[in-house]
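Undergrad: When you get a sec, could you give me coordinates for this:
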Amino acid sequence: MSREIVLLGDPVLRQKAEPLALDGRADDDTRQLVDDMLEAMHDKKGIGLAATQVGERVRVFITNAPDDRERVFLNPEIVETSIETEVIEEGCLSIPGVNADVERPARVRVQAWSLKGRPFVLEADEMLARVIQHELDHLNGRLFIDHLDEDERSRVLSEYEELREAEAATNS
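TA: Model (predicted):
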């Protein structure tokens, strides 16, 4: 069963997620959450999704970056970032239809736990590094628009509101 993706304005998107209690393998609820998230991400043709985006305040996110495989991160933490940065256009399933250029570190090292209860460390660059940072922001109550200057954030939010109003008019 796919879960609904919450949209900008839902308070859960601004709340910090809580760590999972991991005693060995992930429990059935966590595995079901991950399955639901994967389905929701694929339904919306996304490349990453955080648990907070489906209304769950737990430190879980998934990725499916281009030229990579599906990955699950439980209790993730970025332990190192590169000095070098890149500016790449980002969008978000919780703010659909709008994009903006965001500057982020080009490479990251992240540590997390797998569904099998194993710790791992992953060094990522290119799009996977970008997705990891974007999704970890979600777990900390941040959105990609928080990385924009005031003018660009206002532009993106205005564009988003126009899209939502047009969608509401079409559906009424």
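
Undergrad: Check the burial of the closest residue to Asn140 other than its chain neighbours by counting its neighbours.
TA: Take Asn140 and drop its neighbours on the chain: the residue closest to it by CB to CB, 6 or more residues apart in numbering is Lys16, 5.7 Å away. From N, CA and C alone the C-beta is placed, and that goes for glycine too. Lys16 has 11 neighbours, counted by other CB atoms under 10 Å.

Undergrad: all strands for this structure, in order.
TA: All strands of the chain, identified by DSSP state E, fall at 48-50, 60-63, 71-81, 85-90, 100-105, 107-113, 119-125.

Undergrad: Please list the residues outside the last one that contact it.
TA: Contact partners of strand 119-125, identified using CB atoms under 8 Å, 6 or more residues apart in numbering, comprise 71, 79, 106-114, 132.

Undergrad: Check these against Asp29 and report the nearest one.
TA: Trp113 (15.2 Å; CB to CB).

Undergrad: ok, the closest one touching Leu74?
TA: Yes. When contacts are counted by CB atoms under 8 Å, Trp113 is listed as touching Leu74 (4.2 Å).

Undergrad: Just the mean pLDDT for stretch 93-110, thanks.
TA: For stretch 93-110, mean pLDDT is 97.

Undergrad: Could you pull out the residues contacting both of Trp113 and Leu74?
TA: Joint contacts of Trp113 and Leu74 (CB under 8 Å, 6+ apart) are 20, 22, 26.

Undergrad: quick one: the most far-flung residue of the chain relative to its centre from Glu56, how far?
TA: Within the chain, Ser172 marks the point farthest from the mean C-alpha position, 30.6 Å out by CA atoms, centre = their mean. Noted for Ser172: a distance of 31 Å to Glu56, by CB to CB, to the nearest Å.

Undergrad: With Pro96 instead?
TA: For Pro96, the distance to Glu56 - CB to CB - is 19 Å.

Undergrad: For those two, work out which one has more neighbours and name it.
TA: The neighbour count for Pro96 versus Glu56, taken as other CB under 10 Å, is higher for Glu56 (20 against 16).

Undergrad: Okay then, goodbye and thanks.
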